[in-house]
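> Mind looking at a prediction? Sequence and model below.
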Amino acid sequence: MSIFGAIGVAGSGLTVYRKWLDAVSDNLANMSTVRKTSEAAYQAKSVIAQEIPSASGGGVQVAGIGLGDAAGRLVYEPTNPLADATGYVRYPDVDMSSQMAQLIMAQRGYQANAAVVDRAKATYEAALQIGRS
Amino acid sequence: MSIPAVSAVTAGITPVTGTGYLSPASGTQAASGAGFASALGSVDQLQKLQSTTDALAVKAVTGTLTDVHDYTIAASESKLAVELTAAVRNKAIDAFTEIMRMQA
């Protein structure tokens, strides 16, 4: 662990939560992305986090992006230009309330890690004050 | 060239040997730490942190910065490192001036 270990670990947490925010915003942006029934629907993205072993500095990293159901849900919209012969289109299987909850979790996680960075910085500055006067 | 009179005089002088009361000084002992060399090593580290911050600052102004916190954290770390280096240097200078004051 380097000299500013706590700051580095919290920084890795910030990166993971930022990527989670990106995934949630991508899902929300594509909530109404309609496809033909012959095509796969937009797949909801989810961040897969993984711990970094403390031997290599500790913290967290993104192991990969999980993809949701490609089948989505079929909606009867005969007026949609993409509708098939029976009038159905494919909507992505994105649940807005779940995405909004994840948005709050990602935001709070980001804020918590930012608070750790701040607190660690204040602690290191306190160490610099030792014996100053 | 040697002046005969002078060399005759110096030949008569025997070197002063130890009185036996005082043991010869063995010279200053090397400190166990590497002294200023190790302090320079930390300056090297500081230089590395500063160049990381500089690179991220360039990324921020050119619009290629992916994580805002990467830059702010690097800036905080280099600021802390500068303060730490300055604190250590001030302590070293304080110790040095204190020692220099002993001769007065």
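Right, received. Where do you want to start?

> which residue ranges form the helices in chain B?
For chain B, applying DSSP state H gives helices covering B:4-11, B:36-62, B:68-100.

> same question for the second one, mean pLDDT?
Model confidence over helix B:36-62, given as mean pLDDT, is 83.

> Show me which positions of that helix end up buried.
Across helix B:36-62, burial judged by 16 or more other CB atoms under 10 Å in any protein chain shown covers B:46, B:49, B:50, B:52, B:53, B:56. For glycine as for every other residue, the C-beta is placed from the backbone atoms N, C-alpha and C.

> Arrange those in CSV, one row each, with distance to residue A:10 as further columns.
Output for the buried residues of helix B:36-62, formatted as CSV (distance: CB to CB, whole Å):
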residue, distance to residue A:10
B:46, 21
B:49, 17
B:50, 21
B:52, 17
B:53, 17
B:56, 17
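
> Let me know the closest of those residues to chain A.
residue B:49 (9.0 Å; CB to the nearest CB).

> quick one on the thing from earlier: closest one of the buried residues of helix B:36-62 to residue A:101?
Within the buried residues of helix B:36-62, distances to residue A:101 taken as CB to CB reach their minimum at residue B:56, with 32.7 Å.

> show me the contacts for the residue lying closest to the closest one once chain neighbours are set aside.
Beyond its immediate neighbours in the sequence, the residue positioned closest to residue B:56 (CB to CB, 6 or more residues apart in numbering or on different chains) is residue B:71, lying 4.3 Å away. Applying CB atoms under 8 Å, 6 or more residues apart in numbering or on different chains to residue B:71 gives the contacts B:53, B:56, B:57, B:59, B:60, B:65.

> Same check on residue B:73?
Counting by CB under 8 Å, 6+ apart, residue B:73 has contacts A:7, A:8, A:11, A:14, A:117.

> sec struct for residue A:74, please.
Following DSSP: H, G, I helix; E, B strand; the rest coil, we place residue A:74 in the strand state.

> State the distance from the residue nearest to it when sequence neighbours are not counted to chain B.
Leaving aside its chain neighbours, residue A:74 sits nearest to residue A:88 (4.8 Å; criterion: CB to CB, 6+ apart). Counting by CB to the nearest CB, to the nearest Å, the separation of residue A:88 from chain B is 39 Å.

> now swap in residue A:64 and tell me
18 Å.

> so that residue is in which element?
strand A:60-67 (DSSP states H and E).

> Tell me the buried residues in that strand?
Buried residues in strand A:60-67 (16+ other CB under 10 Å): A:60, A:62.

> What mean pLDDT does stretch A:81-99 get?
On average, the pLDDT along stretch A:81-99 is 92.

> now residue A:126, what's its secondary structure?
helix.

> For stretch A:62-69, give me every contacting residue.
A:15-16, A:19, A:23, A:41, A:43-50, A:92-94.

> near chain A, which residues of chain B?
B:45, B:67, B:69-70, B:73, B:76-77, B:80-81, B:83-84, B:87, B:91 (CB under 8 Å from any CB of the partner chain).

> Specify which member of those residues is nearest to residue A:59.
The closest of those to residue A:59 turns out to be residue B:73 (CB to CB; 12.2 Å).

> before we move on, the earlier item: and residue A:104, which of the helices of chain B is closest to it?
For the helices of chain B, the distance to residue A:104 is smallest for helix B:68-100, at 19.0 Å, taking CB to CB.

> Just want the angle from the closest one to helix B:36-62.
In terms of direction (axes from the mean of the first three to the mean of the last three CA atoms, to 10 degrees), helix B:68-100 departs from helix B:36-62 by 150 degrees.
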